[in-house]
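**Student:** one predicted model, sequence on top.
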Amino acid sequence: LKFGNYGSGRKPMLDGADSITGWVPDAGFIYIATVAHHYSVQVFQDATRLTIASSYGVMTAGSCYFNSGTTTLYVWCTDNANPSTHAIEATVNFYSDGIDFNGKDNITVDGIDEERAAFGFCFENTVGTHVVTVSNCALYDNDLRGIDFGGYNDLQVTNALLDHDSVFNCREDEGIWFGNGTEVARYCYATGNYPDFRVGIRAVNCKYLHCTSVNPQHGSLNVEYERGYPQPTGTVVSNCWLQGGTSDPAVENRGANTTFACNVIIGNNTTDISAIRMYQPGINAHVYNNTIVANGSGYAIGVDSLVPGIFKNNIIVGVSGIGLLESDHSYHNPQWVSDYNDWRGTGGFQLARAHYFARTHYSTLTAWAAVVGGEVHSITGDPLFTNNYPNFHLRSGSPCIDAGTNVGLTTDFDGSSIVGVPDIGAYEYKSP
């Protein structure tokens with residue numbers, strides 16, 4: 001089963017929204033129209049999404065409200081005009097999909113754009129083992145998920161490859177959600193709500209490679225876990241740029257045997273939340289050669305108690321927040337091995353006991369290491385990033401050059417070879 005394009009010109013576009021006409025005045029600048037369905041999920045004025053008001057009484061310019069009982073759609077345009085002077089479109093069926101691959105095998109989707117459905121490309125209803133390739137596609141303004149493999153159903157979708165796909169502005173849920181079998185996304189881009197990229201339960205050996213997430217409303221990537229379901233295993237996140245939102249960690253991990261290697265992870269947190277967080281029951285996380293930056297008041301990395309893992313060759317920058325916070329119920333986690341890192345920032349380190357209460361603060365790496373162990377070869381020097389922020393390449397003289405240890409990686413974030421002693425961080429130094 002193949003969906004593709006041919007000939008010249010623009011790529012085909014699948015539009016999940018319907019044009020709405022027949023507007024009549026209601027009150028003030030609000031106009032009404034009756035739609036044919038009982039669900040109106042999102043509304044667009046000239047292809048720009050309007051805000052969904054929680055009730056009729058709180059509507060403002062640039063908002064809409066839908067009464068499902070009467071199937072009445074209320075719209076207040078951004079310029080206070082009659083909606084008939086604009087192109088008003090709505091996704092009027094909560095369960096509509098751009099394409100629903102129900103029960104199909106050997107699926108290829110290449111060079112197709114899609115917009116404004118509930119789910120963009122949906123594989124949730126497929127059953128059995130499938131070969132799936134989605135390449136060179138762009139999905140815009142879907143209400144729920146962009147590309148959805150599901151995470152709660154036992155789908156056993158394997159051999160799935162997403163290649164050079166982009167998902168923009170999912171209103172409510174994930175950009176790309178993996179959840180079953182072995183699935184790979186490479187060179188993909190996503191912006192959504194929570195989160196941009198997700199690895200769901202039953203996921204085995206899923207990979208996000210060279211993917212980008214910038215400023216989602218919540219997190220960039222979540223390797224999740226739900227009690228009573230299998231734990232995601234063997235996830236690999238490599239060479240990705242993951243720039244989180246303000247209210248959640250950029251990266252959350254609850255999976256087993258998860259590897260984070262050569263990523264740039266940025267937490268734009270305005271609250272006491274980490275850029276990257278290791279939650280229970282995650283085990284055996286390998287965190288190698290990442291550049292982790294905590295902007296705002298957040299801290300760089302948080303580790304729950306009794307979460308085993310290895311943390312080496314990472315640059316950790318806490319611009320104004322905490323370097324590391326270990327949430328420990330009663331004592332330090334001896335299974336978390338940390339060394340050959342560059343801890344740079346003003347926040348120091350904290351050991352939190354009894355779920356964030358009674359925090360103990362350590363202002364220096366030496367004082368911290370004396371309590372928790374490790375960090376024998378770690379440093380606290382300025383990594384000397386190149387001046388054109390947010391470029392985190394190293395400059396000549398950086399203390400991170402040749403200061404790491406061999407963890408088995410052969411290339412850096414850019415794909416350049418790692419020769420000899422590795423540098424600390426996501427990028428190997430390249431002389432001018």
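**Tutor:** The structure has been received and is ready for your questions. Numbering: from 1, shown residues only.
**Student:** kindly provide the distance from Met278 to Gly415.
**Tutor:** 27 Å (Cβ to Cβ, to the nearest Å). (Each C-beta comes from the backbone N, C-alpha and C, glycine too.)
**Student:** ok, those two, which is more surrounded?
**Tutor:** The residue with the greater number of neighbours, taking Met278 and Gly415 and applying other Cβ atoms under 10 Å, is Met278; the counts read 30 against 10.
**Student:** quick check: bridge partners of the more buried one?
**Tutor:** Asn253, Val303 (DSSP bridges).
**Student:** residues touching it, list them.
**Tutor:** Neighbour list for Met278: Asn253, Ala285, Ile301, Gly302, Val303, Asp304, Val307, Gly309 [criterion: Cβ atoms under 8 Å, 6 or more residues apart in numbering].
**Student:** can you report how many residues lie near the fifth one?
**Tutor:** I take that to be Val303. Taking other Cβ under 10 Å as the neighbour definition, Val303 ends up with a count of 29.
**Student:** from Asn387, how far out is it?
**Tutor:** Relative to Asn387, Val303 is positioned 32 Å away (Cβ to Cβ).
**Student:** in what helix or strand does Ala369 lie?
**Tutor:** Secondary structure from DSSP states H and E places Ala369 in helix 365-372.
**Student:** in that helix, what's buried?
**Tutor:** Within helix 365-372, the residues that qualify as buried by neighbour count (16 or more other Cβ atoms under 10 Å) are Leu365, Trp368, Ala369, Val372.
**Student:** alpha carbons only: can I get it in CSV?
**Tutor:** Listed in CSV are the C-alpha atoms of helix 365-372, where the atom choice follows Å, rounded to 0.1, in the frame of the first residue of the first chain:
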residue,chain,number,x,y,z
LEU,A,365,31.9,19.8,43.1
THR,A,366,34.4,18.7,45.6
ALA,A,367,31.9,18.9,48.5
TRP,A,368,29.3,17.2,46.4
ALA,A,369,31.6,14.3,45.4
ALA,A,370,32.7,13.8,49.0
VAL,A,371,29.2,12.8,49.8
VAL,A,372,27.9,11.1,46.7
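**Student:** average pLDDT across it?
**Tutor:** Helix 365-372 comes out with an average pLDDT of 82.
**Student:** show me what it is packed against.
**Tutor:** Contact partners of helix 365-372 among helices and strands, from 3 or more Cβ pairs under 8 Å, 6 or more residues apart in numbering; DSSP states H and E: strand 349-353.
**Student:** now do the strand it packs on, average pLDDT.
**Tutor:** The predicted confidence, averaged over strand 349-353, sits at 65.
**Student:** what number of residues lie near the spatially closest residue to Trp177 that is not a sequence neighbour?
**Tutor:** Spatial nearest neighbour of Trp177, excluding adjacent residues (Cβ to Cβ, 6 or more residues apart in numbering): Arg198 at 4.5 Å. As a burial measure, Arg198 scores 29 neighbours (other Cβ under 10 Å).
**Student:** just to revisit the earlier point, out of the contacts of Met278, show me where the pLDDT dips lowest.
**Tutor:** For these, the model is least confident at Asp304; its pLDDT is 78.
**Student:** touching, that residue and Ser274? I think so.
**Tutor:** No: under the criterion of Cβ atoms under 8 Å, Asp304 is not in contact with Ser274, lying 10.8 Å apart.
**Student:** what about those two, which has more around it?
**Tutor:** Just comparing Asp304 and Ser274: by other Cβ under 10 Å the higher neighbour count belongs to Ser274, 29 against 20.
**Student:** skip the chain neighbours and tell me the closest residue to that one.
**Tutor:** Using Cβ to Cβ, 6+ apart and skipping the chain neighbours, the partner closest in space to Ser274 is Gly302 (3.8 Å).
**Student:** and stretch 69-83, average pLDDT?
**Tutor:** Computed over stretch 69-83, the average pLDDT equals 96.
**Student:** where in the stretch 151-300 of the chain is pLDDT low?
**Tutor:** Scanning the stretch 151-300 of the chain for pLDDT under 70 picks out the ranges 151-158, 180-181, 270-272, 296-298.
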